[in-house]
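Enquirer: Let's see this in three dimensions:
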Amino acid sequence: DVTDLFNVMTGYAVRDNYRRLFVSPTCMRSGIERAIRAEIERHKREGNGRIVLKCNQLVDPDMIRLLYEASIAGVKVRGICCLKTGIKGISDNITVRAILGKFLEHARVYWFGPLEDTEKSLCYMGSADLMGRNLDRRIEVVTPVLDEALKERIANEVLKLQLADNARTWKLEGDEYERILPAEGKPL
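Expert: The predicted structure is shown next:
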């Protein structure tokens, strides 16, 4: 896949699909949409559906509609985005958190499935935010994380840690962000 992508970028080939990579503008949108729909179906069969989107921007209207569909189905959705939270029957299962620190973070992780069960989960990481320009107008890449030990590290040392942050996190409530503070007696 990487060789094929390099050949596309250098003008030596045209490719619309890849075996494992999600590459925009050709197949990232459809790949992420398939992963979201698969998590909706998995949740209907097994319960405990979860999608964690760790990116700087989620503003694409089609992705937002699909994530509302996942929320309506009961899948827990977490990410930074233009989604509206707290809409009864539509976004009850969506949590949006913004972690603000000294440095702008550029890591993107797309997680589909329970964080506690990496074998049942899909994990992708790469360069793309969920914006129209990233999905439709320029080359961006996300790759699946296939190594189970690495998936566990991403789940435990990145996603769970950041979802538990109580020092620099703001949670979207309706149209406004509210600062999350540590509970009394809890460390930062």
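Enquirer: quick one, longest helix in this protein?
Expert: In the chain, taking DSSP state H as the definition, the longest helix is helix 28-46.
Enquirer: from the middle of its chain, how far away would the next helix or strand after that helix be?
Expert: Next helix or strand after helix 28-46 toward the C-terminus (DSSP states H and E): strand 50-54. Here the centre of strand 50-54 is set off from its chain's centre by 4 Å, with CA atoms, centre = their mean, to the nearest Å.
Enquirer: same thing with stretch 85-101?
Expert: The chain centre lies 13 Å from the centre of stretch 85-101; the measure is CA atoms, centre = their mean.
Enquirer: Contacts for that stretch, please.
Expert: For stretch 85-101, contacts defined as CB atoms under 8 Å, 6 or more residues apart in numbering pick out 67-68, 70-72, 74-81, 83-84, 105, 162-163, 165, 168-174, 177, 180. (Glycine included, C-beta is placed from N, CA and C.)
Enquirer: thinking again about what came up before, what residues of the longest helix of the chain count as buried?
Expert: 28-29, 31-32, 35-36, 39-40, 42-43 (16 or more other CB atoms under 10 Å).
Enquirer: who touches D165 in this structure?
Expert: Contacts of D165 by CB under 8 Å, 6+ apart are 97, 99, 180.
Enquirer: Looking at strand pairing, list the partners for the first one.
Expert: Pointing back at R97 there. K171 (DSSP bridges).
Enquirer: Give me the buried entries from the contacts of stretch 85-101.
Expert: 67-68, 70-71, 75-81, 83, 162, 169-170, 172, 180.
Enquirer: Then N156 would be within a strand, right?
Expert: No. Read with DSSP: H, G, I helix; E, B strand; the rest coil, N156 is helix and lies in no strand.
Enquirer: burial of it, as a residue count?
Expert: Using other CB atoms under 10 Å, N156 has 13 other residues around it.
Enquirer: Y18 too?
Expert: Neighbours around Y18, by other CB under 10 Å: 19.
Enquirer: contacting residues around the closest residue to it other than its chain neighbours?
Expert: What sits nearest to Y18 in space, not counting adjacent residues and going by CB to CB, 6 or more residues apart in numbering, is D1, at 4.6 Å. Counting by CB under 8 Å, 6+ apart, D1 touches 18-21.
Enquirer: ChimeraX command for the buried members of those?
Expert: Per 16+ other CB under 10 Å, the buried members of the contacts of D1 correspond to this ChimeraX selection:
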select :18,21
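Enquirer: give me the beta-bridge partners of the residue nearest in space to the middle of the chain?
Expert: Central residue of the chain (CA atoms, centre = their mean): L53, 1.9 Å from the mean position. In this entry, L53 is beta-bridged to G79, Y110, by DSSP bridges.
Enquirer: Understood, closing this out.
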